[in-house]
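1. For reference, the sequence and a predicted model appear below.
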Protein chains: 2
Amino acid sequence: MAKVGIKDIAARAGVSIATVSHALRKPGRVAEATRKRVLAAADEVGYTRNNLAASLRTSRSGNIVVIIPDVADSYNYGIIKAIEKVAHRRGYSVLLGDTQGSAKREREFAAMTRSRQADGIILMSHRIPFDVAREELEPDELPPLVNACEFTGYDGFPTVSIDDRQAAIDATTHLVDFGHVDIAVITGDMETTSSRNRLEGFKAAMEMAGLQHNERLIVYGDYSAQCGESAAKTLLMRKDRPTAIFCFSDEIALGCMYALRQHGFEIPNDVSVIGFDNIPFARYLMPSLTTVAQPTEDIGETCATILLDLIDGRKPDKVRYVMPHELMLRQSTRRLA
Amino acid sequence: MAKVGIKDIAARAGVSIATVSHALRKPGRVAEATRKRVLAAADEVGYTRNNLAASLRTSRSGNIVVIIPDVADSYNYGIIKAIEKVAHRRGYSVLLGDTQGSAKREREFAAMTRSRQADGIILMSHRIPFDVAREELEPDELPPLVNACEFTGYDGFPTVSIDDRQAAIDATTHLVDFGHVDIAVITGDMETTSSRNRLEGFKAAMEMAGLQHNERLIVYGDYSAQCGESAAKTLLMRKDRPTAIFCFSDEIALGCMYALRQHGFEIPNDVSVIGFDNIPFARYLMPSLTTVAQPTEDIGETCATILLDLIDGRKPDKVRYVMPHELMLRQSTRRLA
DNA sequence: TTGAAAGCGCTAACAT
DNA sequence: ATGTTAGCGCTTTCAA
């Protein structure tokens, strides 16, 4: 790790450091012959740019930070992959900030823009990751930020997500169409806007179908397989046992299906199960899982594109981007006789 | 995002910038009263440290980069989480470099140490991520690097992994003990040392049991569910159909079990399946998956600890850390009558 | 077309 | 205990 800098190149090529810098970064500002000589010299001395120094000078780090509750969640991952792709293409690196749902970690990662380690933020959370109260946010003091899949409720940030409410309506309507009336719900974290909107959609769909939803069949969870497992157990013990369960994530559905089988229930013969997200695993389950697909790739690409534009000073044309969802009909739901 | 620096604090507190710097970072170098005043001033002007500038000065970025083939793989994730935990505790941030198996991306991420954006590397790959040929590696020119789960074969880097060969022996022996003779294998990417060692272990175990392994029952895959699916189909068409399949990853097992069921085979009644990794999903499968558990948390913690020590100039006491694996007996394997 | 020189914001000798 | 000052390595006016 010998430290070779443009100074060394300059010495070797017999030019000034300014010329080296130009040759390296602004082709055209320098005579072709000189440029070649500099490039050769750079190669000979084994030069690598000190990006830190360059960033300090230009105040542009070339990093974006993605604040995400759980990198492991396969659903999130589709989004990350797409973000990474776009970022890389445009010369940015992605810092993944896994928060495990901690608001403190969210703020810590967001602070990386203040400390100049990142140029922008993609936020998958419903919380504003800054210390100031929402009312005191100064629009022009805020770093470039795009809100993905959730809403902070502050409309100074562009938002990219599906229409959770409508998606839940579609899922519920599918169950209703199959003749289900006693439909249970296992929600995600009710702090999140996604979960609130889905629940709202569920209730709306029931009402539209002329059905009364049963409050006791709504179990409040947290998007995890574990909560799916325990929620399912709770539901099975009820006298008014549901014939269908709408899980607000595939992870929940996974735990739910597991518990169902443990207690001798067959899916979908005894109970229909529908998930949400369409994680890659969903099709490998037995039975394969009917679920609502989110266009993770689109979401990720859109987020990244908007954010990088924002960093470059280009404002997005709208503040809310709604991506299309799709109901994936598979084998875990069944029409009642 | 007004730019407030230590200069502003200095002005406000009526001291020099040096005193501000000391007050902020070296409590004790400065009188308690002054320190309080500086801290208050910092707060008032809304100061955030420009880490870039600090890094440039100290040539320590406070970042480590984790080079990983696929962040989405739940198995990898256990490791990442542990790394992140240790790093955070010691004041480092983790940059996740998802390479999708690309050697080029591996080199790009590794170059972040040269460009001073990271202080060290945790490498989950069997390839050395530098441009130089292995023979020309200059030990003291190399950045701090820890090799996780795989081996580059270069022993200048400490390595943390399980004993893949022994783990494969244990898995194979379990099947043999259950009376299986026609045992198939679906491998991971054979470029990886993990897969090579596991295959070696499989063969050794067969030999130890006095059994001849059948070359045609070895299908070369790539650790993915998809390859598990197609490999299983291939195996089912064979006249000498196996009674047990040893999958080199749980993902493979997932695809394998799916294909098996598609073709009407029951697990474990018709075919036993054993996986490798013990991803969280494994227990939710039906039947639950017998597999070899890797201590992902231990691996991640150890990697991070060694790397950070290395960065601090402390050499590890050994060059190979072998972590214990564990056979998880569940329901996907069965004793032949 | 090239070069001299002024910083980016911070830390750390060194001096007071 | 506090302050002065010289850079870290680069980019970027501005002048030659």
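-> Thanks, I have it.

2. so A:Gly62 makes contact with A:Asn51?
-> Yes - using CB atoms under 8 Å, A:Gly62 is in contact with A:Asn51, at 6.8 Å. All C-beta atoms are positioned from the backbone trio N, CA, C, and that covers glycine.

3. So these two - more neighbours on which side?
-> A:Asn51 (21 against 18; other CB atoms under 10 Å in any protein chain shown).

4. And the residue of the stretch 151-300 of chain A that's closest to DNA strand D?
-> Proximity of the stretch 151-300 of chain A to DNA strand D (CB to the nearest atom of the strand) peaks at A:Pro158, 27.0 Å away.

5. Once you drop chain neighbours, what's closest to that residue?
-> A:Pro316 (4.8 Å; CB to CB, 6 or more residues apart in numbering or on different chains).

6. Report how many residues lie close to that neighbour.
-> The burial count for A:Pro316: 17, using other CB under 10 Å.

7. What distance do you get for it to A:Asn147?
-> Going from A:Pro316 to A:Asn147 by CB to CB, to the nearest Å gives 12 Å.

8. Also A:Lys26?
-> Taking CB to CB, one finds A:Lys26 at 36 Å from A:Asn147.

9. With neighbour numbers in mind, choose between these two.
-> Neighbour totals were compared for A:Lys26 and A:Asn147, and A:Asn147 leads with 27 against 10 (other CB under 10 Å).

10. Is that one in a helix, a strand, or coil?
-> strand (DSSP: H, G, I helix; E, B strand; the rest coil).

11. was I right about it contacting A:Arg127?
-> No - here A:Asn147 does not reach A:Arg127: they are 10.4 Å apart, not a contact under CB under 8 Å.

12. quick one, helices of the stretch 101-250 of chain A?
-> A:103-114, A:164-177, A:193-208, A:225-237, A:250-262 (DSSP state H, counting those that start in this stretch).

13. Now render these as CSV, adding mean neighbour count.
-> As requested, the helices of the stretch 101-250 of chain A are exported to CSV (neighbours: other CB atoms under 10 Å in any protein chain shown):
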stretch, mean neighbour count
helix A:103-114, 19
helix A:164-177, 21
helix A:193-208, 20
helix A:225-237, 21
helix A:250-262, 25
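
14. Next, format those helices as CSV and append mean pLDDT and distance to chain B.
-> Converted to CSV, those look like this (pLDDT from 0 to 100; distance: least, CB to the nearest CB, whole Å):
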stretch, mean pLDDT, distance to chain B
helix A:103-114, 94, 4
helix A:164-177, 98, 21
helix A:193-208, 98, 20
helix A:225-237, 96, 6
helix A:250-262, 95, 5
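
15. For chain A, give me the ranges with low pLDDT.
-> Residues of chain A meeting the criterion pLDDT under 70: A:1-2.

16. How about the residues of it by DNA strand C?
-> Residues of chain A found near DNA strand C (CB under 7 Å from any atom of the strand) are A:14-19, A:22, A:29-31, A:33-34, A:53, A:56-57, A:59.

17. Give the buried subset of those as a PyMOL selection command.
-> Those of the residues of chain A next to DNA strand C that count as buried under 16 or more other CB atoms under 10 Å in any protein chain shown are selected in PyMOL with:
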select buried, chain A and resi 15+19+22+30+34+53+56
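
18. Can you tell me which of the residues of chain A next to DNA strand C end up in helices?
-> Using DSSP state H, A:17-19, A:22, A:33-34, A:53, A:56-57 are the members of the residues of chain A next to DNA strand C that sit in helices.

19. where do the contact lists of A:Pro316 and A:Asn147 overlap?
-> A:Pro158 (CB atoms under 8 Å, 6 or more residues apart in numbering or on different chains).

20. Quick check, A:Leu56 in contact with B:Ala53.
-> Yes - using CB under 8 Å, A:Leu56 is in contact with B:Ala53, at 5.4 Å.

21. who touches both of the two?
-> Contacts common to A:Leu56 and B:Ala53, judged by CB under 8 Å, 6+ apart, are A:Arg116.

22. A:Glu135: neighbouring residues, count only.
-> Residues near A:Glu135, counting by other CB under 10 Å: 6.

23. Enumerate every residue touching it.
-> Applying CB under 8 Å, 6+ apart, no residues contact A:Glu135.

24. thinking again about what came up before, and which of the ones in helices among the residues of chain A next to DNA strand C is nearest A:Leu142?
-> When those are ranked by distance to A:Leu142 (CB to CB), A:Leu56 comes first, at 22.2 Å.

25. how many neighbours does the closest residue in space to A:Pro280 that isn't next to it in sequence have?
-> When the adjacent residues along the chain are set aside, A:Pro280 lies closest to A:Ser74, with 5.7 Å between them (CB to CB, 6+ apart). Using other CB under 10 Å, A:Ser74 has 21 neighbouring residues.

26. isn't A:Ser74 right next to A:Ile279, touching?
-> Yes - shown here, A:Ser74 and A:Ile279 form a contact pair, counting by CB under 8 Å, at 4.0 Å.
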